[in-house]
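Novice: Have a look; sequence and predicted model below, questions after that.
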Amino acid sequence: MKLLTVNVHAWLEDNQEEKLNTLAQAIAENDYDVIALQEVNQLMSAKLVTHELRDDNYGLILLEKLRHLVGEKYSYYWSNSHIGYDKYDEGIAFLTKLPVYEVDPFYCSQHQSLDSILSRKILGLTVAYKGQLVECYSCHINLPDGEGEDQLENIQTIINRTQTDNLKVFMGDFNTDSISNHSAYEAIINLGLIDTYDLAEEKDSGITVEKAIDGWSDHAEEKRLDYIFLNQTKTVLSSRVIFNGKNKAIISDHFGVEIQLEL
């Protein structure tokens, strides 16, 4: 099972069209089963094309680019989390080529209003892979030391969302640096999660942010903020950072993480 997660920083990047093309081409080339995206923006002033999606929705445009490359292989799911930069609907999303059994958008945070940056919508997607159901979650989590929300309570809410025995995969930007704040990272692990980076038979540095960015303006050092966690120990053949200038061109202020999971 091939998985990708990336915080795409949508419409806030220079040369955005070129970077969108890079992402689409990488998805087509690597044939991922599930792709989790965060900061998937659309202008609040753009035209609605469904009850929720607007015509400039980053993921919707990505989907059209993929259809030109690989046909109707991928389906797309998006949900709005909060207002970003005073002008965007900022959401989270999935693309998948697998059969989808359930789509489950929900807030993991106590704040649940669009006008609060602390409001954190999670998108759950239950997919079928080789005869088993796998629950995937696209996550953009509050900072561990932020006021107004308890990060660990937020993550525990996601873990407890269902009581099934299915494999659960938690993908995304957890806003926690395992290098400079290892205790906060360990606290997440202690909720019962397993870092696929640790399980991987082949891996690289794992660095997903290399400079100061929004929310980390006083931290210019290299960071590992983006993860793919599991609730069960599985064989992970590889974990690689992508869109870092070495493995594909940079497309965002975050790099992506791709893994190959053996199920």
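Specialist: Okay, I see it. Given the structure is predicted, the values throughout are model-derived calculations rather than measurements.
Novice: Could you find the closest non-adjacent residue to Val40?
Specialist: Ala93 (4.4 Å; CB to CB, 6 or more residues apart in numbering). Any C-beta I mention is one placed from the backbone N, CA and C, and that applies to glycine too.
Novice: just Asn181 next, same as before
Specialist: Once flanking residues are discounted, Asn181 sits nearest to Pro144: 6.7 Å by CB to CB, 6+ apart.
Novice: what does Ile207 give?
Specialist: Glu222 is the one closest to Ile207 (CB to CB, 6+ apart), at 4.7 Å.
Novice: Also Glu135?
Specialist: Closest residue to Glu135 apart from its sequence neighbours, by CB to CB, 6+ apart: Lys168 at 4.6 Å.
Novice: thinking again about what came up before, Three-state assignment for the residue nearest to Val40, please.
Specialist: Secondary structure, DSSP: H, G, I helix; E, B strand; the rest coil: Ala93 is strand.
Novice: residues touching it, list them.
Specialist: Applying CB atoms under 8 Å, 6 or more residues apart in numbering, we find Ala93 in contact with 36-38, 40, 59, 76-79, 123, 138.
Novice: With Val169 instead?
Specialist: Val169 sits next to 3, 34, 134-137, 228-230, 261 when contact means CB under 8 Å, 6+ apart.
Novice: Can you show me the strands along this protein?
Specialist: For the chain, the strands defined by DSSP state E occupy 2-7, 34-43, 75-84, 88-96, 100-107, 121-129, 132-140, 167-173, 194-195, 200-203, 226-230, 235-242, 256-262.
Novice: Listing request: residues of the stretch 51-200 of the chain with sub-threshold pLDDT.
Specialist: Low-confidence segments of the stretch 51-200 of the chain, defined by pLDDT under 70, are absent.
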